[in-house]
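[1] Show me the folded form of this:
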Amino acid sequence: MSGRKTAALLMAAVMFLMSAAGCRSSGQSTGASVSEQASPEQTSSETLSVSSVETASSVETPAGSGKLLSGKTGSSESSSGTGQKNSADKKSSAVFSGKGITSDMGTGDFSGWILKVSKVNSWPDGDRKAVQMGASLENRTGSAQDSWEFRLDIGAEPKVSDSWNCSLKTSGSVFDVTPADYNKHVDAGGTVNDIGIIFSTVQDVNIEGTYRVDASTKEAVKMTSEEEKTYRNAQIAAAGAGNTAAAGSGVKKEVAAADKSGTPFANHGKLKVDGIDLVDAHGKAYQLKGVSTHGIAWFPQFVNEDAFRTLRDSWGANLVRLAMYTAESGGYCTDGDRTKLEQTIDTGVKAATDLGMYVIIDWHILSDQTPLKYQDQAKDFFGRMSAKYAGQGNVLYEICNEPNGSASWSDIKAYAEEIIPIIRAHNPDAVIIVGTPTWSQGVDKAAADPIRDYPNIMYTLHFYAATHKDDLRNKLTAARNSGLPIFVSEFSICDASGNGGIDYDSAAAWKSLINQDNLSYASLINQDNLSYAGWSLANKNETSALIKPNVTKTSGWTDDELSDTGLWLKQMISGK
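    Reported below is the predicted structural model:
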């Protein structure tokens, strides 16, 4: 996903912006991909090195300063309020201290503090391996707590370059994490979210998992797979309690039958949102499934009718998403050719319409972070686009791809409430898709405070399977259980950089969550039937591109001309 005083600080700052759903050079916590942000000429050789920013071995930084540090030896300290894996021969462990902690190691009791640790992103850093670690801490002690602390042994001595939403000390291979000034107090049942640390180690680390705290030893013991499954079910049940009406009262909607003839739009017509589901003109749950282009400024050749026909007839796709970057080189709001970009959108909308497919016009914010930055341009753009395509029921609008950095849900919601009425003035019932915080992974934030004054609104969740796993899957399920309609408008099966290896096991788990009846750990949802678009329709030399880099054809691809990701996605869309 992907992009002051000195070159070193600039490089570190860019690495921070790239982290999450991102850290994609284009294109989660984090989201979606570094591949998205990079122009076609960028390669992995341009990866920035975190180790280029170093300080003395012991450094203190005042809370909220966001100063970068690197502890080479001994101990180091940092404290950051920027807000926003281990050794094969050394077992990772975490130790907590906090008043009022109680814990029973039985599989049904999860009182105490619960720590979730994830690898948000990773990348090579010379001869070291850089990692962005994300963590959240849940207070299940039964009472409010005025402070918290945990110590996590990652099994290898780290070189730390940044941390946020915490104060951090390191000693050897141990992180000692305490609150920032603003997140010390945690209500009963509350969670400290978005704790982040960027560090590098010589060897691989593997600290991902859910930990529970033993009251007597205060050691966070990693849950067994059975315990974690029980814990997930408890979370899901709690999230769904009292919300069955919003989620459809547990009643499964009839699902639209697969098309045997005709085009998708001819058969299903204009779509609308009903509860948590996208439904067709006949009121049946309908799943949009297709692909997203890469940035149309960089790969416009794939926006053509023959390409879309291949996706429809050979893959079984009914959707194309047109990704128009706003801030990167060639972006609509920076140095891009706006006339050419709008012509490419028109070419895509016309091709999809002629083929009876659905199409998303995507305002693809990424390095601009907050949709507020170019809000005036967005108002003008969506006003003209919604007027131009007012009579076309196959057009959907995605108004902010991946808000990130300091962009809060309140910022995004305020922006959406400015843009939605502009679209509604021309198209009163178009489906509008709204991004969520942290590279469109913060569906929990939207679920807690949804947009209430407008119908036919959906919320985005983006994932990259090798980076985003059970935590984000659980978050999706809980948000839907609470009544939030979710659209997976971008995903891939590699890591959040848009590159790296494919995680087929995690990809299979996401596929199952998206498609299957009777989710194995979410009995409250009998059919998710989520709509989705896979990233990306391009021949860029990266894992998430669907076409092999040496293939120049812009349509009619054989299976041999598809990348491993492209072949997997084709099989998913076609139901194989």
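[2] you'd agree Q441 is up against H468?
    Yes: with contact defined as Cβ atoms under 8 Å, Q441 and H468 form a contacting pair (7.1 Å). Placement of C-beta: from N, CA and C, glycine included.
[3] shaky segments in the stretch 101-250 of the chain?
    101-111, 215-216, 228-229, 231-250 (pLDDT under 70).
[4] Please parse the protein into its domains.
    49-223, 271-574 (automatic domain parsing).
[5] pLDDT score for T55?
    The model reports T55 with a pLDDT of 32.
[6] er, G405 I mean
    Per-residue confidence at G405 stands at 93 (pLDDT).
[7] Also T47?
    With respect to pLDDT, T47 has a value of 29.
[8] Give me the below-cutoff pLDDT ranges for this structure.
    1-111, 215-216, 228-229, 231-252, 516-528.
[9] Break down it into its helices, ranges please.
    Assigned by DSSP state H, the helices in the chain fall at 7-18, 34-37, 225-240, 264-268, 305-310, 338-354, 375-388, 409-424, 437-440, 443-448, 470-481, 504-515, 564-574.
[10] Can you add distance to V205 and mean neighbour count and give the ones you listed back as a markdown table?
    Below are these laid out as a markdown table (distance: least, Cβ to Cβ, whole Å; neighbours: other Cβ atoms under 10 Å):
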| stretch | distance to V205 | mean neighbour count |
| --- | --- | --- |
| helix 7-18 | 18 | 18 |
| helix 34-37 | 21 | 32 |
| helix 225-240 | 20 | 17 |
| helix 264-268 | 46 | 20 |
| helix 305-310 | 42 | 18 |
| helix 338-354 | 42 | 18 |
| helix 375-388 | 41 | 17 |
| helix 409-424 | 31 | 19 |
| helix 437-440 | 22 | 32 |
| helix 443-448 | 27 | 22 |
| helix 470-481 | 18 | 23 |
| helix 504-515 | 18 | 17 |
| helix 564-574 | 26 | 20 |
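[11] List the residues that contact L137.
    W113, I114, L115, K116, W148, F150, V186, T191, V192, I195 (Cβ atoms under 8 Å, 6 or more residues apart in numbering).
[12] these two touch, right, the first one and D214?
    No: under the criterion of Cβ under 8 Å, W113 is not in contact with D214, lying 10.5 Å apart.
[13] With distance to S261 as extra columns, can I get the domains of the chain in a markdown table?
    Shown next, in a markdown table, are these (distance: least, Cβ to Cβ, whole Å):
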| stretch | distance to S261 |
| --- | --- |
| domain 49-223 | 45 |
| domain 271-574 | 11 |
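[14] which of those domains is buried the deepest?
    Comparing the domains of the chain by mean neighbour count (mean count of other Cβ atoms under 10 Å), domain 271-574 comes out on top with a mean of 21.
[15] and the gap between S329 and D335?
    Using Cβ to Cβ, to the nearest Å, S329 is found at 7 Å from D335.
[16] From R338, how far off is the closest residue to A390 other than its chain neighbours?
    Distance criterion Cβ to Cβ, 6 or more residues apart in numbering; nearest residue to A390, sequence neighbours excluded, is H426 at 4.3 Å. In this view, H426 and R338 are 20 Å apart by Cβ to Cβ.
[17] I'd like to know how far G383 sits from S163.
    Relative to S163, and taking Cβ to Cβ, G383 is found at 42 Å.
[18] To clarify, my last question referred to S531.
    Counting by Cβ to Cβ - S531 and S163 are separated by 37 Å.
[19] Could you do W510 as well?
    29 Å.
[20] likewise A508?
    33 Å.
[21] check contacts around L322.
    Going by Cβ under 8 Å, 6+ apart, L322 touches T293, I296, V303, T344, I345, G348, V349, V359, I360, I361, D362.
[22] Who does it form a beta bridge with?
    When bridges are called by DSSP bridges, L322 pairs up with I361.
[23] cool, and E138?
    Bridge pairing for E138 - DSSP bridges - gives I114, T191.
[24] Now that it has come up, it's in contact with T191, right?
    Yes: shown here, E138 and T191 form a contact pair, counting by Cβ under 8 Å, at 4.7 Å.
[25] distance of the closest residue to S506 other than its chain neighbours from G442?
    Take S506 and drop its neighbours on the chain: the residue closest to it by Cβ to Cβ, 6+ apart is A465, 4.1 Å away. A465 sits 19 Å away from G442, going by Cβ to Cβ.
[26] Same question for G575.
    Counting by Cβ to Cβ, the gap from G575 to G442 is 31 Å.
[27] A448 now?
    10 Å.
[28] anything in contact with each of those two?
    W409.
[29] Rebuild the contacts of L137 as TSV, extending it with distance to N474.
    Listed next are those as TSV, based on distance: Cβ to Cβ, whole Å:
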residue	distance to N474
W113	18
I114	12
L115	15
K116	9
W148	21
F150	20
V186	20
T191	13
V192	17
I195	17
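[30] what phi and what psi does the backbone show at G498?
    G498 adopts backbone torsions of phi 80, psi 10, taken as degrees, to the nearest 10.
[31] tell me how far the ends of stretch 281-289 are from each other?
    17 Å (Cα to Cα, to the nearest Å).
[32] I would like the residues contacting that stretch, please.
    253-256, 268-271, 274, 277-280, 316-319, 358, 487, 527, 529-533, 572-573.
[33] do that again at 7 Å, thanks
    Defining contact as Cβ atoms under 7 Å, 6 or more residues apart in numbering, one finds that stretch 281-289 is touched by 253-256, 268-271, 277-280, 317-319, 358, 527, 529, 531-532, 573.
[34] got it, and stretch 569-576?
    By Cβ under 7 Å, 6+ apart, stretch 569-576 touches K289, G290, V291, W315, G316, A317, K511, G534, L546, L562.
[35] Save those as a markdown table, and put in distance to I207 too.
    Output for the contacts of stretch 569-576, formatted as a markdown table (distance: Cβ to Cβ, whole Å):
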| residue | distance to I207 |
| --- | --- |
| K289 | 35 |
| G290 | 36 |
| V291 | 34 |
| W315 | 38 |
| G316 | 40 |
| A317 | 38 |
| K511 | 26 |
| G534 | 29 |
| L546 | 32 |
| L562 | 35 |
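[36] among these, which are in strands?
    K289, G290, V291, G534 (DSSP state E).
[37] Just name the closest of the residues you listed to M223, please.
    G534 (31.6 Å; Cβ to Cβ).
[38] which residues does that closest one bridge with?
    Here G534, judged by DSSP bridges, has bridge partners V291, F491.
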